[in-house]
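Asker: Just need the structure, nothing else, for what follows:
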Amino acid sequence: MAEPIPPITLPSAQNPQQEAEWLRTNLQRWLDREFIPETVNQQIAHRAAQIYARQRMEGENDLGSLVIAIVTEMQAFDFSQSFYSEFAIANAVSDILLDSLGIDRCCGQ
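Answerer: Next up is the predicted model:
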């Protein structure tokens, strides 16, 4: 039987707003690079960063829980002008955070 992947815990937030701004910038850069730069990418990155900041201010450090919160709350976002969905955004946030922690996205190491 395969071993379960252990949860990934982010360091406690020292400045959630600064982290959120960093995430917003990196997420928008990723969105623009994946397809084409669109105005809606700014809105998507801003909304995802807001969700992230609130979750971090509430003490959430578990990456999996952050991803679920982003998926859940981004469902209310109108993606009709975008190539993306709430799942793509949550996965991109996860990848950006894992990269920042130096964790290989392939195997969790």
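Asker: For the protein, which segments count as helices?
Answerer: 16-34, 39-57, 63-74, 86-101 (DSSP state H).
Asker: I5 is nearest to which of those?
Answerer: helix 63-74 (9.4 Å; Cβ to Cβ). In short, each C-beta sits where N, CA and C put it, glycine included.
Asker: Which one of the helices of the chain lies nearest to A2?
Answerer: Comparing those by Cβ to Cβ, helix 63-74 comes nearest, at 17.3 Å.
Asker: can you put the helices of the chain in CSV and add distance to E3?
Answerer: Formatted as CSV, the helices of the chain follow (distance: least, Cβ to Cβ, whole Å):
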stretch, distance to E3
helix 16-34, 30
helix 39-57, 28
helix 63-74, 16
helix 86-101, 19
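Asker: want to throw the ones you listed into TSV with mean neighbour count, mean pLDDT and distance to P7?
Answerer: Listed next are those as TSV, based on neighbours: other Cβ atoms under 10 Å; pLDDT from 0 to 100; distance: least, Cβ to Cβ, whole Å:
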stretch	mean neighbour count	mean pLDDT	distance to P7
helix 16-34	17	96	19
helix 39-57	19	97	15
helix 63-74	17	97	6
helix 86-101	18	95	12
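Asker: quick one: contacts for the spatially most central residue of the chain?
Answerer: Per Cα atoms, centre = their mean, the C-alpha nearest to the average position across the chain is that of V93, at 2.2 Å. With contact set as Cβ atoms under 8 Å, 6 or more residues apart in numbering, V93 has these partners: L23, L27, A48, Y52, L66, V67, I70.
Asker: how about a cut-off of 10 Å?
Answerer: The contact partners of V93, taken as Cβ atoms under 10 Å, 6 or more residues apart in numbering, are 23, 26-27, 30, 45, 48-49, 51-52, 63, 66-67, 69-71, 74.
Asker: if I look at it, how far off is I68?
Answerer: To I68, V93 is 11 Å away according to Cβ to Cβ, to the nearest Å.
Asker: for I89, same thing?
Answerer: Counting by Cβ to Cβ, the gap from I89 to I68 is 13 Å.
Asker: cool, T25 as well?
Answerer: T25 is 23 Å from I68, where distance means Cβ to Cβ.
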